[in-house]
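**Q** 3D model of this:
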Amino acid sequence: MSMQPSTSNGNRPGWLTFAAVVMFSVGVLQAISGIYFLANSTRINDLTGGAFGHHAWIWGIWYLVLAALAIYGGYSLLGGHTFGRVIGYLWAGMVIVEGFMILRQEPWAGFISILLAVAVIYALSSTSGWSEET
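**A** Presented below is the predicted three-dimensional model:
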């Protein structure tokens, strides 16, 4: 009996599960942030010098779109579908852009979001040969 993990019997690689869990958790947090931005909450930092200026509702829509992509992409990844990979790459690219946009106002949040997005891209690219159907 071989001790090597086999991907042909349906075992999902750990990196792929990691990417899906990161996308779910960040998606939920982005949905909460998007609701705060749309409600023009006082808990939000002053972003008047940022990319969208004082238009908090644009940030709200941005975060809600990212949250929807993350949650749908994570669900699709756990199902083993290729479309989840496409959504994952798209989501990670948008999170990297967002990380650079907020880097000046919130350096730690921007840096951590960029790191998580790069980790998701690595996870998706290192498991590109696996699919549920094989």
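**Q** How far does the strand or helix carrying V22 sit from its chain's centre?
**A** For V22, the host element (DSSP states H and E) is helix 14-38. Centre-to-centre, helix 14-38 and its host chain are 6 Å apart (Cα atoms, centre = their mean, to the nearest Å).
**Q** Likewise for stretch 79-90?
**A** With Cα atoms, centre = their mean, you get 12 Å for stretch 79-90.
**Q** Next, the buried residues of that stretch.
**A** 80-81, 84-85, 87-89 (16 or more other Cβ atoms under 10 Å). Yep, even glycine has a C-beta here, placed from its N, CA and C like the rest.
**Q** Show me which of the residues you listed is closest to I35.
**A** Within the buried residues of stretch 79-90, the smallest distance to I35 is 21.6 Å, found for I87 (Cβ to Cβ).
**Q** Can you name the helix or strand that the closest one falls in?
**A** helix 82-102.
**Q** What is that helix packed up against?
**A** In terms of contacts (3 or more Cβ pairs under 8 Å, 6 or more residues apart in numbering; DSSP states H and E), helix 82-102 is packed against helix 14-38, helix 56-78, helix 107-126.
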